[in-house]
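Enquirer: following is a predicted model, sequence given first.
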Amino acid sequence: WCVGPKQLISPIHQLLPYVQFCASTVIQEALARALPKADEPYEGFATYYEYLKAMYTRKRDLLGKALTDAGFEVPNFDVTPGGGFFIFARIGKDVANSIPKERLMAYNNAAPGGKVRQDWALCQWMAEEKGILCIPASPFFSQKRAIEGASDEFIRVAFCKTDATIESAAKALSALKVQEVDESVEERKNFSCNAVEVTE
């Protein structure tokens, strides 16, 4: 925890997501000593690495299907590099349209340029209202490109989670799709009513 004036806390807030993934020297030494054991058979696989690959591929595909079903686009991992345990998903049009308008371009000191663009607004809305935690794409772009909108259409989603967490996220994402359908039906009703009012 740290407490201090806004001008000191804001840069720390922006740096924090990157620092938490840096292993300390002691942990690095322990890992170096444990690595030879990873070449040994593990859980029915020839090596621990093969076990990890199979496990994470299954988790990636499970979450990828949930994202696709909810209206996101995910890379084709047969032809696209798939290293790491994140999916860089494109925000579909229906998903983008479901973001409450008041959340777009709102002020947030942590967002690039202090403005909440589409990627940031979607992630904040899903975390606060839907219980789904994703990462805006903008921190992976230069501030200039993020402000220009290059990162607006993307979010980053981690699949290094328990199966129960991924299944819970899939359920929450499917509810997002249901909401989109409900809102679309309501919009059509409103449009029909407005059209009737205009023609009468």
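Expert: Yep, it's here.
Enquirer: how close does the residue nearest to Q143 when sequence neighbours are not counted get to F141?
Expert: Closest residue in space to Q143, ignoring its immediate chain neighbours: P112 at 4.9 Å, by C-beta to C-beta, 6 or more residues apart in numbering. For the C-beta atoms, the positions are set from N, CA and C on the backbone; glycine is no exception. Going from P112 to F141 by C-beta to C-beta, to the nearest Å gives 8 Å.
Enquirer: hang on, the earlier thing: so for the residue nearest to Q143, what's the pLDDT?
Expert: Looking at P112, its pLDDT stands at 86.
Enquirer: please report phi then psi for it.
Expert: phi -60, psi 120 (degrees, to the nearest 10).
Enquirer: ok, now P36?
Expert: phi -60, psi -30.
Enquirer: that one and G64, how far apart?
Expert: In terms of C-beta to C-beta, P36 sits 33 Å off from G64.
Enquirer: quick one: the helices in the protein?
Expert: 6-19, 25-34, 48-70, 93-97, 118-125, 143-148, 163-199 (DSSP state H).
Enquirer: looking at the chain, which helix or strand is least sure?
Expert: helix 163-199 (a mean of 63; mean pLDDT, DSSP states H and E).
Enquirer: picking up where we left off before, comparing P112 and F141, which residue is more hemmed in?
Expert: Using other C-beta atoms under 10 Å as the criterion, P112 and F141 rank with P112 on top: 23 against 19.
Enquirer: gap between the more buried one and A38?
Expert: Distance from P112 to A38, by C-beta to C-beta: 39 Å.
Enquirer: D78 now?
Expert: Distance from D78 to A38, by C-beta to C-beta: 26 Å.
Enquirer: higher neighbour count, these two?
Expert: A38 (14 against 6).
Enquirer: and the residue nearest to that one when sequence neighbours are not counted, what pLDDT?
Expert: Leaving out its chain neighbours, the residue that sits closest to A38 by C-beta to C-beta, 6+ apart is Y48, at 4.0 Å. pLDDT, Y48: 96.
Enquirer: verify the stated contact: Y48 with K37.
Expert: Yes: counting by C-beta atoms under 8 Å, Y48 touches K37, with 7.2 Å between them.
Enquirer: these two: who's more crowded?
Expert: Y48 (17 against 10).
Enquirer: distance check, S151 against G131.
Expert: Applying C-beta to C-beta to S151 and G131 gives a distance of 23 Å.
Enquirer: kindly report the same for S168.
Expert: 8 Å.
Enquirer: same question for P11.
Expert: With C-beta to C-beta as the criterion, P11 and G131 are 29 Å apart.
Enquirer: more neighbours, these two?
Expert: G131 (12 against 9).
Enquirer: tell me where the model's unsure across the protein.
Expert: By pLDDT under 70, the low-scoring segments of the chain are 177-200.
Enquirer: give me the residues contacting stretch 81-91.
Expert: 56, 59-60, 63-64, 67, 72-75, 118-119, 122, 135, 137, 152-160 (C-beta atoms under 8 Å, 6 or more residues apart in numbering).
Enquirer: just the buried ones from those, in ChimeraX syntax?
Expert: In ChimeraX, this line selects whichever of the contacts of stretch 81-91 come out buried by 16 or more other C-beta atoms under 10 Å:
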select :59,60,63,64,67,72,74,118,119,122,135,137,152,153,154,155,156,157,158,159
